[in-house]
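>>> Mind looking at a prediction? Sequence and model below.
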There are 4 protein chains.
Amino acid sequence: MTLAEHATPAPRPGRRADAERNRAAIIEAAGAVFAECGGGVDVREIARRSGVGMGTLYRHFPTKDELLATVLERQFNAWLTDAYQRAVATEDPWQALAGFFEQLLGTQAGNRAVVESYASTGGPSASCIQRCYALIDQLRTRCVDAGVLRPGVTTEDLFLLSGSLSQAVLTTAESHPGQWRRLLRISLDGLSSRNAEPLPVRGMGADTPASTD
Amino acid sequence: MTLAEHATPAPRPGRRADAERNRAAIIEAAGAVFAECGGGVDVREIARRSGVGMGTLYRHFPTKDELLATVLERQFNAWLTDAYQRAVATEDPWQALAGFFEQLLGTQAGNRAVVESYASTGGPSASCIQRCYALIDQLRTRCVDAGVLRPGVTTEDLFLLSGSLSQAVLTTAESHPGQWRRLLRISLDGLSSRNAEPLPVRGMGADTPASTD
Amino acid sequence: MTLAEHATPAPRPGRRADAERNRAAIIEAAGAVFAECGGGVDVREIARRSGVGMGTLYRHFPTKDELLATVLERQFNAWLTDAYQRAVATEDPWQALAGFFEQLLGTQAGNRAVVESYASTGGPSASCIQRCYALIDQLRTRCVDAGVLRPGVTTEDLFLLSGSLSQAVLTTAESHPGQWRRLLRISLDGLSSRNAEPLPVRGMGADTPASTD
Amino acid sequence: MTLAEHATPAPRPGRRADAERNRAAIIEAAGAVFAECGGGVDVREIARRSGVGMGTLYRHFPTKDELLATVLERQFNAWLTDAYQRAVATEDPWQALAGFFEQLLGTQAGNRAVVESYASTGGPSASCIQRCYALIDQLRTRCVDAGVLRPGVTTEDLFLLSGSLSQAVLTTAESHPGQWRRLLRISLDGLSSRNAEPLPVRGMGADTPASTD
DNA sequence: GATGAATGAGCTTTCATTCAT
DNA sequence: TATGAATGAAAGCTCATTCAT
């Protein structure tokens, strides 16, 4: 699996060139529109900006949701690829991990509206998540091998952390841009092997729905 | 400012009793409905469950958004009050802070859909946030005085952390309930005075919007 | 069960007067529009002619199909009632049966477009059919008792005949109006007890799809 | 006019062979699809089943309606031919007539598009109807000559009967397959010379549009 | 004041037909 | 000439909000 495949999926061979161009135009326009107006926009607006008719749009994406999902997945995959590429180029395992988070979140900070849209769709697709897992796992393994990561920290923990900090990015982007970096630093310090206490076992004190009135 | 004022706002005088009852019924029903179905529900559903007509609902809340905001604020305030009350009853300052987060997030875990709705409305209202700040600040000050908190950690950091972990609660509620506690533990460890490195200055490397294609 | 109930369903008590008026307006307009343009018309056209908004229309009839069904059912029930009333007033059992068909089909001849719409909806509703069955069955029984009906003829046969002749009404309405009466006469003669040969058993020689090329 | 001309129109000279093959494929697929789904199907479905593209389909048939008409005409003509051939091979005139109906109806059992066409235009196409008239007329004449047909029965009556029974075939195809044969038998009995009463004159009691509210 | 029926712009989606490749 | 992508005008339906009763 090459990274390029994710960034720019190979055009299916039997495809006409203009169809491919339209598909790209739709995705691009949708990305822009979703970013500006959120996932609630009228599909017409996307069609208008793409320069294609409604029918064309629906030929490529049978549902608005599917379009949204595709766009978000592509964006996220691109960010992921960028962040990962820089991470593998970093020698120090800890710096690689930290830089990965730093860059991924930094990119998201510049694309708030896109990240916000993830809420409506239940987040990136399963395949997208899997890929993210895989990338994080590699970085984690390097840290474990180097003995710099707190024992017991799982890939799931790190993945969850990235999602959690995404929220911080979103929250602070307008009023306190960059403040999320402080949180990232705090979390990373908590992840360093300097902290040896075992983490809570998942499932302990599992959450139970409760009324609040 | 007493806590009671937040939990149950003083009934405006001169108001008919049944109007007050209706208002309460609406808020309660809306809370339940928003919790179940998210912020996208049909207003009719709320009216139905409240037992009031649409007109009455709109007399009390001129907009759906305003209703949503009111409900969310009330809920959040209630959670806040609960968590704070337990925290002040805890002697050890660090345990007080940790317990505050633990309980606040634990409550949110049981009310996922409510928390989700915050996304649509831009979070709790300003007054709500201010109160949260105030409460956290008290807990933080105690920790600072006891010398257990990492130097340089601000109330804003802690507030941001709570919002960030809220996201983790949401994400994991279904598949990995309770995993957020591991993240909380990691963050708290990163917040302990054992970590002395200075945090990044806010504004450094501030975020800049960027296209990703 | 009184016949009046079918012709004009008792207005539900708690209903506002104007709602009832609107509902009636919708049904009337829909009847006219369906008759003119067939079942494929835009719902907006019905709303426009009713003088109500789309929302009102959909409040009363949650689906276009349901509106169509309601309208058709009302019409058919009215026709049925008329035809049956005249039939029971006829002393001679055979004349009653014949007159029933005659009048039912005659009415349909004057409302072709309505009848045509039955095709799109799969015919009148189940309750409507049941009622038709019941009415036909009474007339059939009288004929059987009087010994004027061919032995073995079932209510289903007669019901099917009426649908079949409906088609003839439709076919000839424009070019040869009234010709269906000849077919009716022929069928009735075939139904008289003068014909004693047993009818084919249903299921014998059941249809098998066959290609024709 | 030979029968072969109807069954397989002479290929226009100068036409490429694959064009002819495509045309045939389209007609065959369209026949099946229209029969199954009625005239309302998506043209794409026909193109898909034909194995040709939309452009090809529209090159051969400039309009969906024209395609429908062509298909119906061909099918109907084929059935007609079959039924007639068997009828002429039957010695007994009455059996010939009865067998003609039996086979015609049995073959087109449940073809929705055909039945629809009866309702709207009285049959597939004018030329088709004419041919059908001619065939029926021959059978009728034989019966008249043999004195087995009720006096006064016209070719139009018989044609109308076939369309009428088509409806019965469609109606019962799913729930009571084969029941139409009972109706056919009844009708045929009504057509036998045993019934001497004159049939109503066409135009007597001609239909007049009337409102029913 | 309370009620819930009415409103109508706006949403997603379909499909007969055209046209670039 | 064959292909199937593109078109875009409807169509069915929803829902925040208003207003007559």
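Perfect, thanks for sending it.
>>> which helix is the longest one in chain A?
helix A:64-88 (DSSP state H).
>>> contacts for that helix?
A:3, A:6-7, A:26-27, A:30-31, A:34, A:39, A:43, A:46, A:57, A:60-61, A:96-97, A:99-100, A:103-104, A:107-108, A:111, A:114, A:117-118, A:120-121, A:124-125, A:127-128, A:131-132, A:135, A:138-139, B:212-213 (CB atoms under 8 Å, 6 or more residues apart in numbering or on different chains). C-beta here means a position set from N, CA and C on the backbone, and glycine is covered the same way.
>>> Just the buried subset of the residues you listed, please.
A:6, A:26-27, A:30-31, A:34, A:39, A:43, A:46, A:57, A:60-61, A:96-97, A:99-100, A:103-104, A:107-108, A:111, A:114, A:117-118, A:120-121, A:124-125, A:128, A:131-132, A:135, A:138-139, B:212 (16 or more other CB atoms under 10 Å in any protein chain shown).
>>> Pretty sure residue A:97 sits against residue A:143.
Yes - using CB atoms under 8 Å, residue A:97 is in contact with residue A:143, at 5.5 Å.
>>> which neighbours do those two share?
Counting by CB under 8 Å, 6+ apart, the residues touching both residue A:97 and residue A:143 are residue A:149.
>>> What count of nearby residues applies to the residue of chain A found nearest chain D?
Nearest residue of chain A to chain D: residue A:59, at 10.9 Å (CB to the nearest CB). Close neighbours of residue A:59, defined as other CB atoms under 10 Å in any protein chain shown, add up to 14.
>>> and if you look at residue A:202?
Residue A:202: 18 neighbours (other CB under 10 Å).
>>> Which secondary structure state does it sit in?
coil (DSSP: H, G, I helix; E, B strand; the rest coil).
>>> And the residue nearest to it when sequence neighbours are not counted, what's its pLDDT?
Spatial nearest neighbour of residue A:202, excluding adjacent residues (CB to CB, 6 or more residues apart in numbering or on different chains): residue B:179 at 4.9 Å. If you check residue B:179, the pLDDT there is 94.
>>> Residue C:105 versus residue B:179, what's the distance?
73 Å (CB to CB, to the nearest Å).
>>> cool, and residue A:97?
In terms of CB to CB, residue A:97 sits 84 Å off from residue C:105.
>>> re the thing from before, give me phi/psi at the residue nearest to residue A:202?
phi -70, psi -20 (degrees, to the nearest 10).
>>> Next, the buried residues of stretch A:44-55.
Quick answer for stretch A:44-55 (16+ other CB under 10 Å): A:46, A:47, A:49, A:50, A:52.
>>> ok, the third one touching residue A:32?
Yes - taking CB under 8 Å as the contact criterion, residue A:49 and residue A:32 are neighbours in contact, 6.9 Å apart.
>>> Just give the closest residue to residue A:140, not the sequence neighbours.
Residue A:140 sits nearest to residue A:155 (CB to CB, 6+ apart), 5.5 Å away.
>>> And that neighbour, what's its pLDDT?
97.
>>> so who does it touch?
A:133, A:136, A:137, A:140.
>>> So what touches the stretch of helix or strand the second one belongs to?
In other words, residue A:136. Element membership of residue A:136 [criterion: DSSP states H and E] is helix A:126-146. Residues outside helix A:126-146 that contact it (CB under 8 Å, 6+ apart) are A:6, A:73, A:76-77, A:80, A:83-84, A:87-88, A:93-94, A:96-97, A:100, A:123-124, A:149, A:153-156, A:158-159, A:162.
>>> Drop anything exposed from those residues.
The buried subset of the contacts of helix A:126-146 (16+ other CB under 10 Å) comprises A:6, A:73, A:76-77, A:80, A:83-84, A:87, A:93-94, A:96-97, A:100, A:123-124, A:149, A:153, A:155-156, A:158-159, A:162.
>>> rewinding a little: rounded mean pLDDT for the helix holding residue A:136, please.
On average, helix A:126-146 scores 94.
>>> buried stuff in the following helix or strand past it?
Once the chain leaves helix A:126-146, the next helix or strand it forms, by DSSP H and E, is helix A:155-172. Buried residues in helix A:155-172, defined by neighbour count with 16+ other CB under 10 Å: A:155-172.
>>> how close does residue A:25 sit to DNA strand F?
Applying CB to the nearest atom of the strand, to the nearest Å, one obtains 9 Å for the distance of residue A:25 from DNA strand F.
>>> And for that residue, the neighbour number?
So residue A:25, with other CB under 10 Å, has 19 neighbours.
>>> what's the nearest residue to it if we skip its chain neighbours?
residue A:50 (4.5 Å).
>>> picking up where we left off before, closest to residue B:19 out of the buried residues of stretch A:44-55?
residue A:46 (45.1 Å; CB to CB).
>>> for the closest one, what are its contacts?
Residue A:46 neighbours (CB under 8 Å, 6+ apart): A:26, A:29, A:30, A:33, A:57, A:67.
>>> okay, the angle between the helix holding residue A:136 and helix A:64-88?
20 degrees (axes from the mean of the first three to the mean of the last three CA atoms, to 10 degrees).
>>> Go through the contacts of residue A:46 and name the one nearest DNA strand F.
residue A:57 (7.5 Å; CB to the nearest atom of the strand).
>>> With only the CA atoms kept, save the helix or strand that that closest one is a member of in PDB.
Applying DSSP H and E as the criterion places residue A:57 in helix A:54-60. Extracted in PDB, the C-alpha atoms of helix A:54-60 (Å, rounded to 0.1, in the frame of the first residue of the first chain):
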ATOM      1  CA  MET A  54     -27.700  17.900 -10.300                       C
ATOM      2  CA  GLY A  55     -27.800  14.600 -12.200                       C
ATOM      3  CA  THR A  56     -24.100  14.500 -12.600                       C
ATOM      4  CA  LEU A  57     -23.600  15.100  -9.000                       C
ATOM      5  CA  TYR A  58     -25.900  12.300  -8.100                       C
ATOM      6  CA  ARG A  59     -24.400  10.000 -10.700                       C
ATOM      7  CA  HIS A  60     -21.100  10.300  -8.900                       C
END
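>>> give me every residue that touches the closest residue to residue A:22 other than its chain neighbours.
Of all residues not flanking residue A:22 in the chain, residue A:52 sits nearest, at 5.3 Å (CB to CB, 6+ apart). Residue A:52 makes contact with A:22, A:25, A:26, according to CB under 8 Å, 6+ apart.
>>> For residue D:196, state which of these is nearest.
For the contacts of residue A:52, the nearest to residue D:196 is residue A:22 (73.8 Å; CB to CB).
>>> can you pull the pLDDT of the closest one?
Confidence for residue A:22, expressed as pLDDT, is 93.
>>> what angle separates the helix or strand hosting it from helix A:64-88?
Using DSSP H and E, residue A:22 sits within helix A:17-37. Going by the same axes, to 10 degrees, helix A:17-37 is angled at 90 degrees with respect to helix A:64-88.
>>> which residues sit in contact with residue A:99?
Counting by CB under 8 Å, 6+ apart, the residues that residue A:99 touches are A:83, A:86, A:87, A:90.
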